[in-house]
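> based on what follows, work out the 3D shape:
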Amino acid sequence: MSGQYASVKEALEAKKELKLSDAIVKRTRFANLIHEYETQELTIEMKNRLETLGFSAYTVEYANHGYRVFVGAFTRKSQAEKQALELQTKGIMCRVVDR
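From the prediction side, this is the model:
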């Protein structure tokens, strides 16, 4: 994955600029929302915990609303639900969201 883009057009432009001719642009609309935090420090702490457990976590900052920690990017809800169960077995509560 090369990143998250606001639109398919933006993703196709990035594909061209990054010279990723074999790349496939897909909308991965489902992810697992771990938690929303007010401070960046708490966000980083959870992100590090998730990465220690083997998950690739990422954060999104929302203006005036703090930070959200996510894991996964899936094309199908069932894929995200499968990962949510795995997270829960490791003591991480989450919910599947439409990004």
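> so Val96: helix, strand or coil?
Secondary structure state of Val96, per DSSP: H, G, I helix; E, B strand; the rest coil, is strand.
> what about the helices in this structure?
For the chain, the helices defined by DSSP state H cover 8-17, 40-52, 77-89.
> give the other helices and strands that the last one contacts.
For helix 77-89, the helices and strands in contact under the criterion 3 or more Cβ pairs under 8 Å, 6 or more residues apart in numbering; DSSP states H and E are strand 30-37, strand 66-74, strand 95-98. (Each C-beta comes from the backbone N, C-alpha and C, glycine too.)
> as a markdown table, those strands with distance to Leu20 and mean pLDDT would be great.
Output for the helices and strands packed on helix 77-89, formatted as a markdown table (distance: least, Cβ to Cβ, whole Å; pLDDT from 0 to 100):
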| stretch | distance to Leu20 | mean pLDDT |
| --- | --- | --- |
| strand 30-37 | 22 | 96 |
| strand 66-74 | 17 | 94 |
| strand 95-98 | 26 | 96 |
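> so for Lys82, which of these sits nearest?
strand 66-74 (8.8 Å; Cβ to Cβ).
> contact partners of that closest one?
1, 4, 28-40, 42-43, 46-47, 50, 55-62, 79-80, 83, 87, 94, 97, 99 (Cβ atoms under 8 Å, 6 or more residues apart in numbering).
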